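S.K.: Pasting the sequence and the predicted coordinates here, then a few questions.
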Amino acid sequence: DVVMTQSPLSLPVTLGQPASISCRSSQGLVYIDGNTYLNWFQQRPGQSPRRLIYKVSNRDSGVPDRFSGSGSGTDFTLKIRRVEAEDVGVYYCMQGTHWPRTFGQGTKVEIK
Amino acid sequence: QLQLQESGPGLVKPSETLTLTCTVSGGSISSSTYYWGWIRQPPGKGLEWIGSIYYSGTSYYNPSLKSRVTISVDTAKNQFSLRVSSVTAADTAVYYCARDYEVLRYHSDYGMDVWGQGTTVTVSS
């Protein structure tokens, strides 16, 4: 199985400041079509997960442009340019290249 | 607009079988090219993929759960279901259904992009 390792697991951030979450996979995530199927999800308290980023760096419809994804190979990053109060929650990376699908442990973003 | 809705009992006794159903609206399971999946989240913990199925019956499971899990499809009802046998307290979780990736994927923008609201299952006597 592909192990997804996130860091940090807890991220206190001051409003208006940037935040960055790392996700590392235990093996490469390039699919046979040449794409890397690495997703980022946001889960606000009491809500279902919501996909924010797909294929490493593509924002889903309605996702603010302060969210960005980057990376390649086995190292990936989610960045929030300026954290807002509504960004509080847990963020997960997930690989959709291999079976079984696997998620990172989650990173809890909170306001200082 | 595609929507998924989980349903099933909120309480299951230890050693019994848990059965949940995901009803798909706004699209047809049998005319789609997607896998359809189940994911769970124990209280206060992270997300765990359980398994996914294509309408033809082709399925994949999490190796850690494979011996106790069965996912099936009912195309007439536009539903897919999850069965977990011999449940214990460790199976207590919120269970989500979601649209997985296409079976024949090529530069796809989809995959785990649509989720249900989740249903809470407690295993207790």
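M.R.: Sure, I can see it.
S.K.: Please count neighbours and contacts with C-alpha atoms only from this point.
M.R.: Will do.
S.K.: Show me where the chain has its strands.
M.R.: Because you didn't say which chain, this covers chain A. When secondary structure is read from DSSP state E, chain A shows strands at A:4-7, A:10-13, A:19-25, A:38-43, A:50-54, A:58-59, A:67-72, A:75-80, A:89-95, A:102-103, A:107-111.
S.K.: try chain B instead
M.R.: Listed in chain order, the strands of chain B (DSSP E) span B:3-7, B:11-12, B:18-25, B:34-41, B:48-53, B:59-61, B:69-74, B:79-84, B:93-102, B:119-123.
S.K.: for chain A, which residue is closest to the average position?
M.R.: In chain A, the residue lying closest to the centroid (Cα atoms, centre = their mean) is A:W40, at 3.2 Å.
S.K.: same question, chain B
M.R.: For chain B, the residue nearest the mean C-alpha position is B:W38 (2.4 Å; Cα atoms, centre = their mean).
S.K.: Name the nearest residue to it, sequence neighbours excluded.
M.R.: B:C97 (4.5 Å; Cα to Cα, 6 or more residues apart in numbering or on different chains).
S.K.: The one you found contacts B:G37, doesn't it?
M.R.: Yes: the criterion here is Cα atoms under 8 Å, and B:C97 meets it with B:G37 at 5.6 Å.
S.K.: Tell me which of those two has more neighbours.
M.R.: Each of B:C97 and B:G37 has its neighbours counted (other Cα atoms under 10 Å in any protein chain shown); B:C97 has more, 32 against 28.
S.K.: and of the strands of chain B, who's closest to A:R82?
M.R.: Relative to A:R82, the nearest member of these by Cα to Cα is strand B:34-41, separated by 28.8 Å.
S.K.: Can you pull the residues of chain B lying near chain A?
M.R.: Contact residues, chain B versus chain A (Cα under 8 Å from any Cα of the partner chain): B:46-49, B:51, B:60-63, B:96, B:101, B:105-107, B:109-118.
S.K.: and with 7 Å instead?
M.R.: Counting by Cα under 7 Å from any Cα of the partner chain, chain B comes close to chain A at B:46-49, B:61-62, B:106-107, B:109, B:113, B:117-118.
S.K.: any residue of stretch A:6-15 up close to chain B?
M.R.: No: Stretch A:6-15 does not reach chain B (Cα under 7 Å from any Cα); its nearest approach is 11.1 Å.
S.K.: Any figure for the gap between A:M4 and B:L65?
M.R.: According to Cα to Cα, to the nearest Å, A:M4 stands 19 Å off from B:L65.
S.K.: the more surrounded of the two?
M.R.: Between A:M4 and B:L65, counted using other Cα under 10 Å, A:M4 has the larger neighbour count: 21 against 14.
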